[in-house]
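**Student:** let's see this in three dimensions:
(one chain, ligands or ions: 1)
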Amino acid sequence: MKIISAHEGVIPISSSMGNAFIDFSTMDCSILALVSDVMVDGEPVVGYGFNSNGRYSAGEILRRRVLPRLMGAPANSLLDDDGLLSPSTAWDVMMRNEKPGGHGERSVAVGVVDMALHDLAAKIAGVPLYRWISDKYGDGTFDDSVFVYAAGGYYAPNKTYRDLQDEMKGFLDAGYNVVKMKIGGADLAEDLRRIEAVLEVLDGDGSRLAVDANGRFDLDRALEYGRALEPYGLFWYEEVGDPLDYRLNATLSEHYRGPIATGENLFSLQDARNLIRYGGMRPDRDYIQVDPALSYGLVEYRRIQHMLAQHGWSSRRCIPHGGHQFSLHIAAALKLGGNESYPDEFQPTGGFADDAVVVNSRVKLDDRPGIGFEGKANFHKVLRELHA
Ligand SMILES: [Mg+2]
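**Tutor:** Residues are numbered from 1 along each chain as shown. You can find the predicted model right below:
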């Protein structure tokens, strides 16, 4: 088995939304196709990857470092002992001559290729990725549906409370029970009015509402918001301070009794381990949101799961960021707590298969081989054009 060619591109996933830190109007995304010499029905089997939603493309690192190493390696150096494509062996090839530390855009680039390699390996095996993962690394069992929550509630020019409520009602009508909204892009009084408006739609049930500060707050503001939010009994209070400010998070966890969620901007085993060591995260209630696509892919994510287990964490406390199909398979196979979802946002990359249905805040996996981008018509068309 050989990878014949790699085709990398950049697409916009523009949106007029904003959170407490950035607007998304110039956001883009790396996409990748790895064409193999394996033929099925007269067509080469192709693996696809992209860099999740919400971090910029990493084309320079892909073109200059990661892909040349992958494509320059002897074909058998990417295979396991059975002669099958091995994403973990390929991972070592991609990371050759890279220093430790400084995880960031590099982890995004490697994550794109790791996703495409997993898509390719599962397609060659003729099985959906969740089955490939559970057969290879687990006990062969998997969850046949995954909890998903609807992430929205962004700031937008001239967005009214009624608009916000209508957006949330739309999520409930689409089958979600738990919704998320942004905070920290306004002052506390205004954010509390927005929260109260959303709670009206949720029958006043704070346990169905998560809020996300996108790393905006200093410690004073984190605690001030925490005091105001605690009586609502929210689903979680997300990414309150800078993602690398573990002491802030630890201090918050001493004062805020409800669940805290963070990790979408931690991109390595080492960063995730520091969060667990120093961030005050509580395994009985808090959530880890590391996004496998942004953090060196599934090969690294499995290392993170191993580390979490060593520290007494259940995989059920993990709900990855990103709202993409790759994490959906990983959540089912590794029995995570769920996955994020951005209904109708970040197109064409965001969301699941076109025929995926959310019922009672759960989405079922389908039987398409690999990740199943082929079941997401608009995105598949873009990916297909990479190597047409
Ligand atoms: Mg977030």
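
**Student:** let me see the ranges of the strands in the chain.
**Tutor:** With strands called from DSSP state E, the chain shows them at 3-12, 28-40, 43-50, 145-151, 179-182, 209-212, 236-238, 260-262, 287-288, 339-341, 358-359, 362-364.

**Student:** between the ones you listed, which gets nearest to the ion?
**Tutor:** Among the strands of the chain, strand 209-212 comes nearest to the ion, with 4.3 Å by CB to the ion. C-beta: built from backbone N, CA, C; applies to glycine.

**Student:** what helices or strands is the closest one leaning on?
**Tutor:** Judged by 3 or more CB pairs under 8 Å, 6 or more residues apart in numbering; DSSP states H and E, the packing partners of strand 209-212 are strand 179-182, helix 188-201, strand 236-238.

**Student:** packing partners for the longest helix along the chain?
**Tutor:** Counting residues, the longest helix found in the chain (DSSP state H) is helix 105-125. Using 3+ CB pairs under 8 Å, 6+ apart, the elements in contact with helix 105-125 are strand 28-40, strand 43-50, helix 59-61, helix 87-94, helix 129-137, helix 297-310.

**Student:** quick one, domains of the chain?
**Tutor:** Per automatic domain parsing, the domain ranges recorded for the chain read 3-126, 145-376.

**Student:** now render these as TSV, adding mean neighbour count.
**Tutor:** Shown next, in TSV, are the domains of the chain (neighbours: other CB atoms under 10 Å):
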stretch	mean neighbour count
domain 3-126	19
domain 145-376	20
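
**Student:** quick one: which of the ones you listed is nearest the ion?
**Tutor:** Checking those against the ion by CB to the ion gives domain 145-376 as the closest, at 4.3 Å.

**Student:** quick one: average confidence on that closest one?
**Tutor:** Averaging pLDDT along domain 145-376 gives 97.

**Student:** over to stretch 34-50?
**Tutor:** Confidence for stretch 34-50, expressed as mean pLDDT, is 97.

**Student:** which residues touch that stretch?
**Tutor:** The contact list for stretch 34-50, computed with CB atoms under 8 Å, 6 or more residues apart in numbering, reads 1-7, 29-33, 85, 111-121, 123-124, 293, 324, 326, 349, 370-371, 373, 383, 387.

**Student:** run the chain-centre distance for it.
**Tutor:** Centroid displacement of stretch 34-50 relative to its chain, using CA atoms, centre = their mean, to the nearest Å, is 24 Å.

**Student:** stretch 60-67 now?
**Tutor:** How far stretch 60-67 lies from its chain's middle: 22 Å, per CA atoms, centre = their mean.

**Student:** end to end, how far does that stretch reach?
**Tutor:** Start and end residues of stretch 60-67 are separated by 10 Å (CA to CA, to the nearest Å).

**Student:** hmm, who's touching that stretch?
**Tutor:** For stretch 60-67, the external contacting residues (CB under 8 Å, 6+ apart) are 6, 8, 30, 32, 94, 98, 105-106, 108-110, 112-113.

**Student:** measure the residue of the chain positioned farthest from its centre to Tyr48 for me?
**Tutor:** Distance from the C-alpha centroid of the chain, by CA atoms, centre = their mean, peaks at Gly42 (33.6 Å). Going from Gly42 to Tyr48 by CB to CB, to the nearest Å gives 19 Å.

**Student:** could you dump the contacts of stretch 60-67 to CSV with distance to the ion?
**Tutor:** Converted to CSV, these look like this (distance: CB to the ion, whole Å):
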residue, distance to the ion
Ala6, 31
Glu8, 27
Ser30, 20
Leu32, 24
Met94, 27
Glu98, 27
Glu105, 19
Arg106, 21
Val108, 16
Ala109, 21
Val110, 22
Val112, 20
Val113, 24
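
**Student:** picking up where we left off before, now the longest helix of the chain: mean pLDDT?
**Tutor:** 98.

**Student:** so Pro12 touches Ser30, yeah?
**Tutor:** No: look at Pro12 against Ser30 with CB atoms under 8 Å: they stay out of range, at 11.7 Å.

**Student:** joint contacts of these two?
**Tutor:** With CB under 8 Å, 6+ apart applied, the contact sets of Pro12 and Ser30 do not overlap.

**Student:** enumerate the residues of the stretch 151-300 of the chain near the ion.
**Tutor:** Applying CB under 5 Å from the ion, we find that the stretch 151-300 of the chain lies next to the ion at Asp212, Glu239.

**Student:** now the helices for the stretch 151-300 of the chain?
**Tutor:** Counting by DSSP state H, counting those that start in this stretch, the stretch 151-300 of the chain has these helices, from start to end: 161-173, 188-201, 219-229, 246-255, 269-278, 297-310.

**Student:** looking at these, spot the one closest to Arg317.
**Tutor:** Minimum separation from Arg317 across these (CB to CB) falls at helix 297-310, 7.6 Å.

**Student:** of all the strands of the chain, which one is nearest Leu79?
**Tutor:** Leu79 lies closest to strand 3-12 among the strands of the chain, at 10.7 Å (CB to CB).

**Student:** which residues touch the closest one?
**Tutor:** For strand 3-12, the surrounding residues in contact (CB under 8 Å, 6+ apart) are 26-37, 44, 57, 59, 62-63, 67, 70-71, 75, 78, 120, 348-349, 382, 386-387.

**Student:** repeat that with 7 Å
**Tutor:** For strand 3-12, contacts defined as CB atoms under 7 Å, 6 or more residues apart in numbering pick out 28-37, 57, 59, 62-63, 67, 70-71, 382, 386-387.

**Student:** sheet partners, orientation included, of that strand?
**Tutor:** Next to strand 3-12 in the sheet, as set by DSSP bridges, lie strand 28-40 (antiparallel).

**Student:** quick one: distance of the strand it pairs with to the chain centre.
**Tutor:** Per CA atoms, centre = their mean, the centroid offset for strand 28-40 relative to its chain is 20 Å.

**Student:** please apply the same query to stretch 375-382.
**Tutor:** Here stretch 375-382 is found 19 Å from its chain centre; the criterion is CA atoms, centre = their mean.

**Student:** and it, what's buried?
**Tutor:** For stretch 375-382, a neighbour-count test (16 or more other CB atoms under 10 Å) marks Gly375, Lys376, Phe379, His380, Val382 as buried.
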